[in-house]
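Q: return atomic coordinates for the entry below.
(4 chains, ligands or ions: 6)
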Amino acid sequence: MPEVKEFVSAIKPTWCPGCGNFGMWEALKRALAELGWEKHEFSVVWGIGCHGNGADFLDVQGMHALHGRSLPPAAALRLTRPDLQVVVEMGDGDGYGLGMGHFIHTVRRNSDITVIAHNNQIYGLTVGQASPTTDHLMPTVSTPGGVLEQPVNPIGLALAEGATFVARGFAGDIPHLTELYVRALSHKGFSLVDVFQPCVTWNKHNTFSWFRERVYKLEAEGWDTSDRVKAFELSLSGFHDLTCAADECRAPLGVYFEEQGVPTYEDGVPAAQVPGWSHASEPRDISSILAKMS
Amino acid sequence: MPEVKEFVSAIKPTWCPGCGNFGMWEALKRALAELGWEKHEFSVVWGIGCHGNGADFLDVQGMHALHGRSLPPAAALRLTRPDLQVVVEMGDGDGYGLGMGHFIHTVRRNSDITVIAHNNQIYGLTVGQASPTTDHLMPTVSTPGGVLEQPVNPIGLALAEGATFVARGFAGDIPHLTELYVRALSHKGFSLVDVFQPCVTWNKHNTFSWFRERVYKLEAEGWDTSDRVKAFELSLSGFHDLTCAADECRAPLGVYFEEQGVPTYEDGVPAAQVPGWSHASEPRDISSILAKMS
Amino acid sequence: MSPSAPYGKEVRIRIGGPAGFGIKAAGQTLARLFARAGYNTFDLTEYPSLIKGGHNTFHLRISEEEIFSHVMATDVLVALDAATVGLHVAELTRGGAIIFDPGDVAATDLDLAGRDDLCLVPIPLTDIVYEVGGIKIMRNVIALGAVLGHMDYPVEGLAESLRSQFAHKPPKIAEQNVAAAIAGWEAAREAPCAFPFHLAPRVDQPSTVVLDGNEALSLGALAAGIGMYAAYPMTPATSVLHVMAKHADSSGVVVKHTEDELAAINMCIGAAFGGTRTMCATSGGGFSLMVEALGFAGVSESAIVVGLLTRPGPATGLPTWTEQSDLRFAIHAAQGEFPRVILAPGDHAEAFELAWKAFNLADQLQTPVIILGDSYLSDNHQTITPPDVGAVTVDRGQLQTTGEVENYERYAVTPSGVSPRVLPGVIGAQQIVNSYEHDAHGWAAEDAETRVVQNTKRLKKERTARDLVPAPRFYGPPDAAVSILLFGTTKMPTLEAMKWLEAEGVSVNMMQLTTVWPFPTQEVNSYMERATRTLLIEGNATGQLEGLIREQCLREIGHRLNRTDGRPFSPEQIYSTVHCILGACVNLTTAGAVPDIEGGR
Amino acid sequence: MSPSAPYGKEVRIRIGGPAGFGIKAAGQTLARLFARAGYNTFDLTEYPSLIKGGHNTFHLRISEEEIFSHVMATDVLVALDAATVGLHVAELTRGGAIIFDPGDVAATDLDLAGRDDLCLVPIPLTDIVYEVGGIKIMRNVIALGAVLGHMDYPVEGLAESLRSQFAHKPPKIAEQNVAAAIAGWEAAREAPCAFPFHLAPRVDQPSTVVLDGNEALSLGALAAGIGMYAAYPMTPATSVLHVMAKHADSSGVVVKHTEDELAAINMCIGAAFGGTRTMCATSGGGFSLMVEALGFAGVSESAIVVGLLTRPGPATGLPTWTEQSDLRFAIHAAQGEFPRVILAPGDHAEAFELAWKAFNLADQLQTPVIILGDSYLSDNHQTITPPDVGAVTVDRGQLQTTGEVENYERYAVTPSGVSPRVLPGVIGAQQIVNSYEHDAHGWAAEDAETRVVQNTKRLKKERTARDLVPAPRFYGPPDAAVSILLFGTTKMPTLEAMKWLEAEGVSVNMMQLTTVWPFPTQEVNSYMERATRTLLIEGNATGQLEGLIREQCLREIGHRLNRTDGRPFSPEQIYSTVHCILGACVNLTTAGAVPDIEGGR
Ligand SMILES: Cc1ncc(C[n+]2csc(CCOP(=O)(O)OP(=O)(O)O)c2C)c(N)n1
Ligand SMILES: Cc1ncc(C[n+]2csc(CCOP(=O)(O)OP(=O)(O)O)c2C)c(N)n1
Ligand code: SF4
Ligand code: SF4
Ligand SMILES: [Mg+2]
Ligand SMILES: [Mg+2]
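A: Numbering: from 1, shown residues only, chains lettered A, B, ... in the order given. Ligands and ions are numbered 1, 2, ... in the order given. The predicted model follows:
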């Protein structure tokens, strides 16, 4: 069973010093080590963005997919390789912008994958434009007058589509984030961990200290993780505009909602019970099908 | 002011006899006449599907867009033509499948358009495959073993993204549907009317009678349209599987949620206050911009 | 020359009426009937993009000899509504028959365009329905009975297939249908004029199958060991999804109707990463959405198969009709440069063959393989000798599915450009399958040297492909008065026309490009070198194959025949074109005419 | 021949170091300084796809004469880290200088690759920062001061521009920066070796502007009266969105950062329906997502402008580098066949000109117009005479924006193929702008005749376009030893190389295709007809322009120069290639070499 450091690849991380991605990287390595996953027992799929650059820094059997398209290949890999666990690392622009359609449809499918969203509320790699989760009225280089949209509410959306595990973490609290990862990775069915990941270079608003002033832990308050509607209500508190004070804009961390025992998509697909490559060791016998056609 | 019949085009509808689209067609014509909209005061944008074939049957200044892409052109038209109201007619596959991303992002933008979804819970024009709203476990030609996904919950999704007008109608109740249309078309900001539209040819499950056994009117029960969380809870009752009995699977009709006075996207865009073509009557003077570059 | 009468070796039947009345199903019952009776059949369904109403037709060709395509001529026209007569009377051959319901339209009101050679066969379809206590849809069955009756062909076969067809329904239904068929059969016997000759069931004929192009493609994919099929419905590719879904559980295929085509192809890439043989199919609009991922498959060296079954564009275009205007699009789709293989089946047998070969090529080359077809291939049925399942091979190229590796490099540079592929799940197979340019391990790389090395490595596979892909196919004599060049489904009507021309002693040969990319420059060069007159036939306006030939071979085409009205080329059209090129245009008096050829009668 | 020393007319400065230290900003301060002083400048920024770290460089060319591109040679190298010296020492010209911080690396540890001709200028950047009580980022300003000091160029200009640059900040900041600059300037004066010659501010020079290609494109679009710009960020197109957003409110442009590129282009089509001049720009990956809608614009006859600014692919490829490998993709993207215009600006002045002309062409032809550029155009700055705003015209073609119409037909058939366009909002302008094939009104149509009529009508517009699009541009003598063919940004280094060759008496001419589609067959034919030796230069591996010429002109290219390492062609490379073609290869000893040309000193 690999130790934490064995998940470090030969490439030195190129993230900006102080970037929230470091904390997420560390937490994932710890969670993997804690779960004792061997490198040939799982795969990681990344989207394109600063978060995606992480594909070079984790020593795994992975895939660096297209911008916004990390979920379809990940879901298909899980569906055709029952012997592999699948983890997705996506960005907020990547996963909730371009990839929004895939996100919603993967949730309602209850694909048995774990999705980690690097939610820095900004486009990092393309130098600081508004992302779908950028706070209302925040000015960015692509929205100098401030963002006019309501930020995307990933947790609310996931809940609306029957998600079975929805959590939120913070890159600034690695031990807590590691716990969330361990629970999400152990969950059977679709699990989402949306992580506040401060971008120290482009997002001067949602900084580490900004979050530290606002985050609190649901566990600590004995939150009931079985109430979908209450969880939805809680997700609305995620909507905050620039002006709102720390005591108003609380940011709950932890598991919002969890439901066990819901059949996964893979459960429902007979052909998904063996590795897909095993069907192609020799030509398939189609005589019975042909017989019906004469 | 055109009368109902004046919105009928020269092309005779080709929908299957008994199709729910007839009722929606009729209700829209009535609503337009009731509102007294002149044909040059609004535009209609259709997606591709049986619903979209309606583009040929309504005598308007409209656009028959790509499959799944009716919202972006509609939103852009509204944004660049403050003098035109814009209505979208989309399908469930069209708007909630391929078009899901645009749907979510248009909602959170609070674009001042009215979106009518022809929700027949099936792909009509391509002969009966499962749609994103097909009931759980329903077998179709593309899912002979039954649909494994949770159906898309358009109302819940819209509510999660801050929608300001969310309603559900039924093609089998034209007067009530007309009322909903009138309210939606009069609403300032994004309005969604998701309409149960029985497909008599391919969807043998969600039939007119199936709905008649289940629908009830929110107005009649004095529903409070100002509570987003309660509306969300109500939207979950939209999740029904094949087996559930009429008395369990109630289908609420009417306005789930309504919020007035929220600024629209158009309100926030200074350039959106005059028709876009007025900027191109002559070359724009860019000397002040050039001056900064020397 | 006026339309020829039906002749001994062949009968052509057209059933016409509004959509939604089971015309296609009825027609196919007839087709199967004659196929089982040892005849060759070819049927063509034409329909608009709506579910009910409009004008649909089903055209069936039944022949003792080998046939390659539909024809325009019709010997027996079944008019389920009045409009059908006016629309198709011109296609009727001399002495041809019209079966119609006098309840729909009086014989005297039939628009016969002045023809007096036709045989009117009034059948009270609706009345008979009531007599047998059936439902309206049974008009079809009665009409089928009438067709057989008029042709003096035994009705038992039909009765049988109806019984088996309704076996799962209460026996009453089957008997009603049989009664209806017989009633129609008898009514037709009373027709004033008799069918000029007799067909009879044939014995000791080799067994055949009747299938459409999409079924042939699906069977090929299934035989190849496909493990996942992901698609979003789009005419004419839709039915591949249906066929795959139908056999998914019994054959062990994961079949996913995805949220869109972007998901479909990206799922294929994910499944391919896991070592699964995978395919998605669509038409031009969906393919447009797959373009970026096609490049992803190229740079990540993923083995996927993409079906591009074209229809007339641009955009939504004419959904249910046919065209060959996406050839260049398929060749150049996606930013950047990477190797791809494009196979273009010319008929149903080739659809099966090229489908399974596509999977081998994808694995051998680790790059996307496109199967380029069109509506004419997808929508229509042929009787063919059962596909040669024995010939199917599975070659997965350099693939390790299990075990252990050391110092693995996913993108190791090799002479062929193909790198050993080791799947995730294998111990030590750390790798990044990457959409960025990357180094041998798969890590993103931006330095000039690595870029050139990896880009060159990938493009090398296009040269490697040349030795693996199917060569162009050659038909006809080595030397000919006219040498035809084409790709894809145009092969069918061309072979048919060549048969007629050959019978007239007009020598024509043909080169069909089964692989359109990499382009078979050498073969085309030597073919054109030897040609007296060249004729290029393609279903587009801008001459896309012609442009390819000019670019690759620096050669000019002599004559060209293009078509863009959404309808397939007919053998009649190709036959006349060849005659025109030879300076003696045969002026066929109607679209429906077929030549009176030697031994035709 | 070894690298030449800096010479009187020109100085080349390279600043190198890790990303995120304001290298580009600092460099541009310098560029503006010299531009204002009457010099021509050209700067090239090279950076990897990450935000901090890595190796970034800014290369600035300053010249009295007209310059067309970057060069590899460097006279003054500012090394903000040790690595920079080793990476760029080979580019240093004879007697060239290295400005570095002995605090980063001791002079004795500098990797000079055995060069003894170089001038080392140690400047304690970090120490000076502390002296003036500034922050680390000020190292740049000190370095700039040192560059000027070493060149014995007055520091006042720099001081000035720093003051204006920090005008909005507390005065303390500005003064710190000025102090830093002066300190650097003075430190450099103490260098053991002096700069071989003196630059001085020039007087009475015509005023100029310094801008990059994306700014030029944006200005062209703004001048043309653009009303909506919709885009999703993608390198190298991203900054067009930033420029547009910056001027949105003041210029009255709706600027939308969309959820994806599908939305961007479909929004453009919706806005165009409303009569708004509209544009979206992206790179290959985003363009892939726009493909289907490009066809929608084609069939619906929507006037939109699409910027395709390419980078090396496939897929994510090398985001921040340059390539010209999407030419064929741009020409053939989308299913079906429809007219399109593709314009390829060769430099910044053309970017402005072709941008505003693109909007006229889109309106005149009512079809999509693509502006094809690449990273080399987008990312780099030139000093140019201010774009000729007076020359800009607005021609909206046949457009009615207000009033009333009767019996309107959106798709009326006309000789030119262009139909009168009447906007929604006009009384009586009922119409359906349709993605389906349609009739004159816009209603969906499937009959063969309407299809052919409308498809032919649309394609007719491609012929109409030929008389409207910019013709190829010709440079150099009518007859030449070598005739160069190219499109797009390759024009820049080629013109530079031609200047050098001309000075040597080597006669070279060049044809630049400003419009790549419709293809200027005639012009290319007559150009090649007259050529002695042809050389085709394009930044791709498969010879895409070459293929086009072969297809359209049936002509073979003599010599070719291709590049796919993501780096732009350098004039040095083109210069040597021409010499090689002429049989006397000039062996430039290093990449950094530039020829000692007549009057060079
Ligand atoms: C189709 C496509 N469009 C645009 C891009 C350019 N692009 C790369 S990363 C990115 C956004 C990055 O933002 P996010 O997804 O939030 O990731 P982050 O960098 O913040 O981690 C964009 C627009 C692309 N690679 N592909
Ligand atoms: C990109 C693309 N993919 C697929 C299609 C084929 N297609 C046309 S309509 C349709 C689905 C129709 O279902 P829905 O949107 O629910 O509309 P309905 O027919 O039920 O009204 C599909 C898949 C298309 N036109 N474009
Ligand atoms: S730009 Fe932001 S997100 Fe990207 S690496 Fe730097 S700090 Fe992290
Ligand atoms: S198929 Fe269904 S949705 Fe389409 S027209 Fe017929 S009944 Fe209506
Ligand atoms: Mg982000
Ligand atoms: Mg539907």
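Q: from here on, just use CA atoms for contacts and neighbour counts.
A: Fine.
Q: run a quick neighbour tally on whatever residue of the stretch 351-500 of chain C ends up closest to chain B.
A: Nearest to chain B, among the residues of the stretch 351-500 of chain C, is C:D379, at 13.7 Å (Cα to the nearest Cα). Residues contacting C:D379 under the criterion other Cα atoms under 10 Å in any protein chain shown number 23.
Q: need the pLDDT of it.
A: Note on C:D379: pLDDT of 89.
Q: what separation do you get for the closest residue to it other than its chain neighbours and ligand 1?
A: Distance criterion Cα to Cα, 6 or more residues apart in numbering or on different chains; nearest residue to C:D379, sequence neighbours excluded, is C:D212 at 6.1 Å. Plainly put, C:D212 is 37 Å away from ligand 1 if you go by Cα to the nearest ligand atom, to the nearest Å.
Q: tell me which residues touch C:D212, please.
A: C:348, C:377-382 (Cα atoms under 8 Å, 6 or more residues apart in numbering or on different chains).
Q: among these, name the ones in strands.
A: Assigned to strands by DSSP state E, the following of those qualify: C:381-382.
Q: tell me how far the residue nearest to C:D379 lies from C:E350.
A: 12 Å (Cα to Cα, to the nearest Å).
Q: do the same with C:T383
A: On the measure of Cα to Cα, C:T383 and C:E350 end up 13 Å apart.
Q: again, but for A:Q61
A: 38 Å.
Q: more neighbours: which of these two?
A: A:Q61 (24 against 20).
Q: how near is the more buried one to D:T393?
A: Taking Cα to Cα, one finds A:Q61 at 57 Å from D:T393.
Q: before we move on, what about C:R466?
A: Taking Cα to Cα, one finds C:R466 at 52 Å from D:T393.
Q: what's the answer for A:F7, then?
A: The value you get for A:F7 to D:T393, if Cα to Cα is used, is 61 Å.
Q: so those two - more neighbours on which side?
A: A:F7 (20 against 17).
Q: am I right that A:V115 sits in a strand?
A: Yes: under DSSP: H, G, I helix; E, B strand; the rest coil, A:V115 falls within a strand.
Q: residues contacting it?
A: With Cα under 8 Å, 6+ apart, A:V115 has these contacts: A:87-90, A:190-193.
Q: mind checking which of those residues are in helices?
A: In helices, defined here by DSSP state H, there are no members of the contacts of A:V115.
Q: nearest to D:F296 among these?
A: A:M90 (31.1 Å; Cα to Cα).
Q: sorry, back to before: distance to ligand 2 added to the contacts of C:D212, as CSV?
A: As requested, the contacts of C:D212 are arranged in CSV below (distance: Cα to the nearest ligand atom, whole Å):
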residue, distance to ligand 2
C:H348, 23
C:L377, 18
C:S378, 15
C:D379, 16
C:N380, 19
C:H381, 22
C:Q382, 25
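Q: for ligand 1, tell me which of the contacts of C:D212 show up nearby.
A: The subset of these within reach of ligand 1, by Cα under 6 Å from any ligand atom, is empty.
Q: low pLDDT regions in chain C?
A: C:1-8, C:587-601 (pLDDT under 70).
Q: what's the burial count for the spatially closest residue to A:M138 that is not a sequence neighbour?
A: Leaving aside its chain neighbours, A:M138 sits nearest to A:G146 (4.5 Å; criterion: Cα to Cα, 6+ apart). Applying other Cα under 10 Å, we find 18 residues neighbouring A:G146.
Q: ok, A:G146 touching A:S131?
A: No: when contacts are counted by Cα atoms under 8 Å, A:G146 is not listed as touching A:S131 (11.8 Å).
Q: of all of chain A, which residue lies closest to ligand 6?
A: A:H105 (16.5 Å; Cα to the ion).
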